[in-house]
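**Q** when you get a sec, could you give me coordinates for this:
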Amino acid sequence: MTEAAATPAFRRDVSLLGVVALCVGNMVGTSIYTLPAAMASKAGPAGLLAWALTAAGYAFVAIVYAALGARMPQTGGPYIFAREAFGDFGGFIVVWSYWISALIGNAAIVTSAIAYATGFSTAFGASPLMQFAVAQLLVWGLCWLNIRGVRFGTRLQIVLMFLTIIPLLIVSVMALGEFDVQRLQPFAPQGYGAIAAAAALVVWAYSGVESGTVPAEEIQDGGRTIKRGTIIGYVVATIIFLSSALAVAGALPNGEIAVSNRPIALAAERTAGTAAGVIIGATAIVAALATLNGWILMAGRIPVTAADDGLLPRGLARLHPRYGTPHIALVVAAAVPSALLLMYFSRSLLQVFEFIVLLAVLTTLVPHLFAMCAEFYLVRKHPERFTDGDRRRAYVVAPLAFAFLLFALYGAGGDVAMWGVITLLLGLPVYAWMRTDSVGASS
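**A** Predicted coordinates for the structure are as follows:
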């Protein structure tokens, strides 16, 4: 850190439970509540295979992040790993892509909360202006909370995690008791080739498995906690994903799932009564708040080290003189999704969600691909820093994770790839400006 950025220093206020809550909240949040509709539209009941395939692929991704986070516990996560392996330009591509993914993803997250809230009020559902106003209140309220300190954000995250997963697991078990295999016919109405496109959507659900590596310098016991929290978070989220997806597919006709803004709440109503639907609707909103809180926290930390390294505007690395939080980066993390919410006035909530998710998916995959390559590269370049077991694992796990992520990238489709490439290329002038500016300052 530069002298200005390092006063005051980060405070180590995040416990193991806080890391688990951050990972689970950032993954489970909005995805399981809203994605079943998009999955049903893309692949039908065969979307269950996409859930299972992506869960298996992300097991390898989680293992790599747990290992890298334990070895290099510095704020920034994927950026730290990519810069260590591939230098400034590789680090910039990763931090730019990852940061953009977090910024635009926050708009999708708050949109999911608003979509479930429409089920509680007809007037609210019919008023884009009211939806826009409430969404803005949520974004900026959580921004303010995170500026106050990481301990406030993580404490809220822990509470919201338990409020989310307990009702969801109970309702999933009840819905599985009413499982009707006939709901799964026809199993693959779009053909089995649609599984790749569905898997790309599930990537959105698993975005966040790396969350524990990002605020590394604020985590108690650093690398050891990051490693344990990442693996535990992955396991908990995967149990929730698979049980909930199976319950919804067996409780509702595929056609109904595909057009619903609130598919899990609808499944709860059908299998356990109106009260259960209300509870799940409220739980979905709580989950969305947990995810939004977690990703605002993340978006405030992702650019910090890169800004201090001179690859992004240095103001993003400044810490609040009282709270020790990157307040400028946090304000930017709220301002970008706040602007994207203007789409409420021109599209339906489901259209807004799907568009933003697909763009965020590609910009999420790029940092993951770099991180998988970084581990493979680093164990070969610096074998003395790794045990024999670490190296053997990396030679197998990192390539498998990379291959899975390429498959997910393929499934995202040509249009998404085009917009994703454009988003990445928009970063090149920023990189050129920052590099020439730093050269000019040093000469």
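
**Q** and the pLDDT at F376?
**A** Looking at F376, its pLDDT reads 92.

**Q** contacting residues for it?
**A** A394, Y395, A398, P399, F402 (Cβ atoms under 8 Å, 6 or more residues apart in numbering). Using the backbone N, CA and C atoms, a C-beta is placed for each residue, glycine as well.

**Q** pretty sure it is in a helix, no?
**A** Yes: assessed by DSSP: H, G, I helix; E, B strand; the rest coil, F376 belongs to a helix.

**Q** how close does it get to I226?
**A** 20 Å (Cβ to Cβ, to the nearest Å).

**Q** same thing with F402?
**A** In terms of Cβ to Cβ, F402 sits 21 Å off from I226.

**Q** so those two - more neighbours on which side?
**A** For F402 and I226, the more surrounded residue by other Cβ atoms under 10 Å is I226, and the numbers stand at 32 against 21.

**Q** burial count for I422?
**A** 10.

**Q** am I right that it falls within a strand?
**A** No: counting by three-state DSSP, I422 is not part of a strand but helix.

**Q** pLDDT score for it?
**A** 84.

**Q** Y65 now?
**A** Here, the pLDDT recorded for Y65 equals 94.

**Q** wait, it touches Y206, no?
**A** No: with contact defined as Cβ atoms under 8 Å, Y65 does not reach Y206; the gap is 11.1 Å.

**Q** neighbour count winner among those two?
**A** Shown here are Y65 and Y206; by other Cβ under 10 Å, Y65 has more neighbours (30 against 25).

**Q** skipping adjacent residues, who's closest to that one in space?
**A** E210 (4.5 Å; Cβ to Cβ, 6 or more residues apart in numbering).

**Q** the one you found - how many residues pack around it?
**A** With other Cβ under 10 Å as criterion, E210 counts 30.

**Q** and it, what does it touch?
**A** E210 touches V61, Y65, G69, G77, P78, T230, P367, H368, A371, counting by Cβ under 8 Å, 6+ apart.

**Q** where does the last one fall, secondary structure wise?
**A** Which is A371. If you go by DSSP states H and E, A371 is part of helix 349-381.

**Q** what's in contact with stretch 385-398?
**A** Taking Cβ under 8 Å, 6+ apart as the rule, stretch 385-398 contacts F60, I63, V64, A67, R71, M372, C373, E375, F376, L378, V379, P383.

**Q** C-alpha coordinates for that stretch, CSV please?
**A** Only the C-alpha atoms of stretch 385-398 are listed here, as CSV (Å, rounded to 0.1, in the frame of the first residue of the first chain):
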residue,chain,number,x,y,z
ARG,A,385,7.0,-22.6,-2.5
PHE,A,386,4.8,-25.7,-2.8
THR,A,387,4.8,-29.2,-1.3
ASP,A,388,4.9,-32.3,-3.5
GLY,A,389,1.3,-32.9,-2.7
ASP,A,390,0.3,-29.3,-3.8
ARG,A,391,2.1,-29.7,-7.1
ARG,A,392,0.6,-33.1,-7.9
ARG,A,393,-2.9,-31.8,-7.1
ALA,A,394,-2.3,-28.6,-9.1
TYR,A,395,-1.2,-30.6,-12.2
VAL,A,396,-4.6,-32.4,-12.2
VAL,A,397,-7.1,-30.1,-10.6
ALA,A,398,-6.2,-26.8,-12.3
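
**Q** report the buried residues of it.
**A** F386, D390, R393, A394, V397, A398 (16 or more other Cβ atoms under 10 Å).

**Q** closest to L362 out of these?
**A** A398 (20.6 Å; Cβ to Cβ).

**Q** quick one: pLDDT of that closest one?
**A** pLDDT, A398: 94.

**Q** which element, helix or strand, includes it?
**A** Residue-wise, A398 maps onto helix 388-411 under DSSP H and E.

**Q** what helices or strands is the top helix by length along the chain leaning on?
**A** For the chain, the helix with the greatest residue count under DSSP state H is helix 78-117. Under the contact criterion of 3 or more Cβ pairs under 8 Å, 6 or more residues apart in numbering; DSSP states H and E, helix 78-117 touches helix 31-43, helix 128-148, helix 274-301, helix 304-308, helix 327-340, helix 349-381, helix 414-425, helix 427-442.

**Q** chain neighbours aside, what residue packs nearest to I114?
**A** That would be Q131: by Cβ to Cβ, 6+ apart, it lies 4.9 Å from I114.

**Q** I'd say the one you found and S121 touch.
**A** No: counting by Cβ under 8 Å, Q131 stays clear of S121, with 10.3 Å between them.

**Q** compare these two (neighbour count), which wins?
**A** Q131 (23 against 11).

**Q** state the distance from the more buried one to W144.
**A** 21 Å.

**Q** please apply the same query to A46.
**A** Per Cβ to Cβ, A46 is found 43 Å from W144.

**Q** compare the two (neighbour count), which wins?
**A** Taking neighbours as other Cβ under 10 Å, A46 and W144 compare with A46 leading, 24 against 15.

**Q** helix, strand or coil for the closest residue in space to the more buried one that isn't next to it in sequence?
**A** Sequence neighbours aside, A188 is the residue nearest to A46 in space, at 4.0 Å (criterion: Cβ to Cβ, 6+ apart). With three-state DSSP as the basis, A188 sits in coil.
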